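*Asks:* Got a predicted model here, sequence first, then my questions.
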Amino acid sequence: MDHSAKKNNKKRVAIVGGGLVGALNASFFAKRGFAVTIFESREDIRCAKVVKGRSINLALSHRGRQALKHIGIEEKIVSMGIPMHARMIHSLNGKQSPIPYGKKGQYILSVDRANLNKELLSVAEAYPNTKLNFNHKLLDWSPETGAMTFHGPDGNEKEFHADLIVGCDGAFSATRKQFLRRSRFNYSQTYIPHGYLELTIPPRNGDFAMKPNFLHIWPRHTFMMIALPNLDKTFTCTLFMPFEDFEKITTGNELLGFFQKNFPDSIPLIGVDALMRDFFRLPAQALVWVTCSPYHVLDSCVLMGDAAHAMVPFYGQGMNAGFEDCIVFNEIMDQFNEDFAAVLPEYTRVRAPDDQAMAELAMYNYVEMRSHVNSRYFLFRKFLDNTLHFVMPKTIIPLYTMITFTRTRYRQAVIQWQWQNKVITHGLWIFGTMSIVGAAYLLLKYGPKKPHITAEQLWNRVLALKWLQN
Ligand code: FAD
C-alpha cells in the first residue's frame, strides 16, 4: 500500500468495489488526502473486451450530477449523455403521448454505465495518493484489526490493512457479511416477483428509430417495457415482467404472439430476428431490494451504495442515491473533523432513513410506471400538481421534482409529498362539494319556475278530485 499518507499521518482507506459508487468514492477520499486503495474483484473494465454487468445505460439526475461536480467531471459526463425531458407513453394502438418530467428545461440524462465507470476509475487513478487493485476479491475482514483477506490475481490469498474499510461492493456485498455476524444489525433482502431482460432498437437510416429525448414506456399494468437512448443512436429496451410470465414464453412463435399483443409498435423497431435472438440469449435477471442498518461497524467500516441499500430500479435513483451517499459522508466528515468514531454513527443516523425512504418510493413507482400512467386521474393530478407548483413554487413541489431535480432529503420529500397529497385531496373535496352546492343553488334560483300554489288552493284541488272520482 501507499505509505506516503502514513508519513503525513493521513489514514489508509480501503474501498472494496470499483463499481460506480466505489470508483467515485475513491476520489472523494483522495481529495481529502487519505491514502486510498480500491480493491475490485473484476478485471479493469477499461481494458476488458466484454464488460459484464447490469443495465447498459442509466438515468443520471441532480443528486448524481452534484457528486460528479464535486470531483470535477459533471460537464464531461453530461456532454456524453442524452437528455430525456419527458416520458413517452406508448399505447397499445401505437399512439405516443409525452408526460414531462418537470418544468421546461428540466431533464434526466441517459448515460452509458460502462463509460461512466471507466471515467470514474480514471479520475480516481489520477490522484497520486490512490492505488487501484483489480482482480482482488474480498473474502473476509476483521472489525478488530482492520485486516482484509483477498483472493488475488495469482489465485493466492493476500492480506491488507486499513484504518477505514468502505464497502461499495454492491447488492451482494462481501463486506456486509461481517455485519451479519454482529448483534443488533437489521437486514432484509427481498426479491420482487419481476425480472428484467434487455433488447436493442438499432438506428434507422443512420438516425434514432424513435424520438431520442424521451424515456419511452410501454405500460401494460402488470408488466412494462422501457427504452433509453444511447449515443450510438440505438435504444436499450428493458422488459420488466413477472418471472412466471417470462417462463410461459418458450418458443419464437409464443414470443412474437406476445409482442404482437402487447408491444406491436416495437416489433418493426427491434426487428423480428433480433427480437428472437436477444430474448432467448440470456435468462431474465432478478431484482433485489436490500435494506440494512446500521451502515457502520465501530469506527472501522462503513457501507455505501448498493451494499447498503440496493433498490429496485423504477425511480432511476439507485446510482444517484449511492452517489449522494458520498456527498453526505463528505459533509459529515467536514462537520466532525474527519474523526471516524463520530462520523460513522452520524452517517448511519442521517443517511439510513433517507435511503430506506427512497427504496420504498422505488417500489411505489413501479406500480405508477406500469399502471397509473395509463389512468386519467394520474394525468389530471400531474397537471394539477404542476399548475400548483407553478403558482406556489415553494409550497407545492411534485414528488418527482423533489426526488429527481433537488437534493431535498429523501425522507423529507416523502413527508412533504404526503402533506401535499392531503392538502390537494382536501382541496379537491371542498372544491367538488362547493361546486355541487353552488350548482344546486343556481338551479333553484334560476332554473325553470315551479307554479306557485297556496295550501288552500291545494286542498280545494284534492276535494275536487275526490268529488270527480265519486
Ligand atoms: P455495483 O454497481 O454493483 O458495483 C459493485 C462493485 O463491487 C462491482 O464492480 C463488483 O465487481 C465489485 N465487487 C463485488 N463483490 C466484490 C468483492 N467481494 N471484492 C471486491 N469487489 C467486489 N440507478 C440509477 O440511478 N438510475 C438508473 O436509471 C438505474 N437503472 C438501473 C437499471 C437496472 C436494470 C438495474 C438493475 C439497476 C439500475 N440502477 C439505476 C441502479 C444502479 O445500477 C445501482 O444502484 C448502482 O450500480 C450501484 O452502484 P454500486 O457501485 O453501489 O454497486
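*Replies:* It's in.
*Asks:* How about the contacts made by the residue in the stretch 351-470 of the chain positioned nearest to the ligand?
*Replies:* In the stretch 351-470 of the chain, the residue that lies nearest the ligand is Ala362 (9.3 Å; C-beta to the nearest ligand atom). C-beta here means a position set from N, CA and C on the backbone, and glycine is covered the same way. By C-beta atoms under 8 Å, 6 or more residues apart in numbering, the residues touching Ala362 are 289, 311-315, 317-318.
*Asks:* export these to CSV and tack on neighbour count?
*Replies:* Shown next, in CSV, are these (neighbours: other C-beta atoms under 10 Å):
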residue, neighbour count
Trp289, 18
Met311, 25
Val312, 21
Pro313, 21
Phe314, 23
Tyr315, 26
Gln317, 27
Gly318, 26
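*Asks:* Beta-bridge partners for Met84, please?
*Replies:* Counting by DSSP bridges, Met84 forms beta bridges with Ile108.
*Asks:* Name the helix or strand for the closest residue to Arg113 other than its chain neighbours, please.
*Replies:* Take Arg113 and drop its neighbours on the chain: the residue closest to it by C-beta to C-beta, 6 or more residues apart in numbering is Leu58, 5.4 Å away. Using DSSP states H and E, Leu58 maps to strand 57-60.
*Asks:* For that strand, name the packing helices and strands.
*Replies:* Strand 57-60 sits against strand 108-112, helix 113-125, strand 224-229, helix 318-335, with contacts defined as 3 or more C-beta pairs under 8 Å, 6 or more residues apart in numbering; DSSP states H and E.
*Asks:* ok, and what's touching it?
*Replies:* By C-beta under 8 Å, 6+ apart, strand 57-60 touches 77, 81, 84, 108-113, 116, 215, 228-230, 236, 316, 319-320.
*Asks:* Paired strands for the longest strand along the chain, with orientation please.
*Replies:* Counting by DSSP state E, the longest strand found in the chain is strand 186-201. According to DSSP bridges, strand 186-201 forms sheet pairs with strand 235-242 (antiparallel), strand 285-293 (antiparallel).
*Asks:* where's Val36, which helix or strand?
*Replies:* Judged by DSSP H and E, Val36 forms part of strand 35-39.
*Asks:* Outline the domain layout of this protein.
*Replies:* Domain segmentation of the chain under automatic domain parsing yields 3-82+108-190+290-369, 192-286, 375-470.
*Asks:* Could you dump these into JSON lines with mean pLDDT added?
*Replies:* Output for these, formatted as JSON lines (pLDDT from 0 to 100):
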{"stretch": "domain 3-82+108-190+290-369", "mean pLDDT": "94"}
{"stretch": "domain 192-286", "mean pLDDT": "96"}
{"stretch": "domain 375-470", "mean pLDDT": "84"}
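*Asks:* Stretch 76-89 close to the ligand?
*Replies:* No - judged by C-beta under 6 Å from any ligand atom, stretch 76-89 and the ligand are separated, with a smallest distance of 10.2 Å.
*Asks:* hang on, the earlier thing: just put the helices and strands packed on strand 57-60 in a markdown table and tack on distance to the ligand.
*Replies:* Shown next, in a markdown table, are these (distance: least, C-beta to the nearest ligand atom, whole Å):
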| stretch | distance to the ligand |
| --- | --- |
| strand 108-112 | 8 |
| helix 113-125 | 7 |
| strand 224-229 | 8 |
| helix 318-335 | 3 |
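*Asks:* if you compare the ones you listed, which one is most tucked away?
*Replies:* Looking across the helices and strands packed on strand 57-60 with neighbours counted as mean count of other C-beta atoms under 10 Å, the highest average goes to strand 224-229: a mean of 25.
*Asks:* who's in contact with it?
*Replies:* 57, 59, 82, 84, 110, 201, 208, 210, 212-218, 235-241, 263, 266, 369-370.
*Asks:* partners of that strand in the sheet?
*Replies:* Assessed with DSSP bridges, strand 224-229 is paired to strand 214-219 (antiparallel), strand 235-242 (antiparallel).
*Asks:* Quick check: which of these is nearest to the ligand?
*Replies:* Proximity to the ligand (C-beta to the nearest ligand atom) singles out strand 235-242 among the strands paired with strand 224-229, at 5.8 Å.
*Asks:* show me what contacts the residue nearest to His90 when sequence neighbours are not counted?
*Replies:* Closest residue in space to His90, ignoring its immediate chain neighbours: Trp218 at 4.5 Å, by C-beta to C-beta, 6+ apart. Contact partners of Trp218, counting by C-beta under 8 Å, 6+ apart, are 90, 224-226, 262-263, 266.
*Asks:* So what pairs up with Trp218 in the strands?
*Replies:* Beta-bridge partners for Trp218, by DSSP bridges, are Met225.
*Asks:* and the helix ranked longest in the chain, which residues are buried?
*Replies:* The longest helix of the chain (DSSP state H) is helix 410-446. For helix 410-446, a neighbour-count test (16 or more other C-beta atoms under 10 Å) marks 410-411, 413-414, 416-417, 420 as buried.
*Asks:* what's the angle between that helix and helix 318-335?
*Replies:* If you take axes from the mean of the first three to the mean of the last three C-alpha atoms, to 10 degrees, helix 410-446 sits at 120 degrees to helix 318-335.
*Asks:* Show me what helix 410-446 is packed against.
*Replies:* Secondary-structure packing of helix 410-446 (3+ C-beta pairs under 8 Å, 6+ apart): helix 340-370, helix 376-391, helix 399-405.
*Asks:* And the helices in the stretch 51-200 of the chain, which stretches?
*Replies:* Using DSSP state H, counting those that start in this stretch, the helices of the stretch 51-200 of the chain run over 62-70, 74-79, 113-125, 175-180.
*Asks:* Buried ones in the second one, by neighbour count?
*Replies:* Buried residues in helix 74-79, defined by neighbour count with 16+ other C-beta under 10 Å: 74, 77.
*Asks:* That helix - contacts with which helices or strands?
*Replies:* Secondary structure elements in contact with helix 74-79, counted by 3+ C-beta pairs under 8 Å, 6+ apart, are helix 62-70, strand 108-112, helix 113-125.
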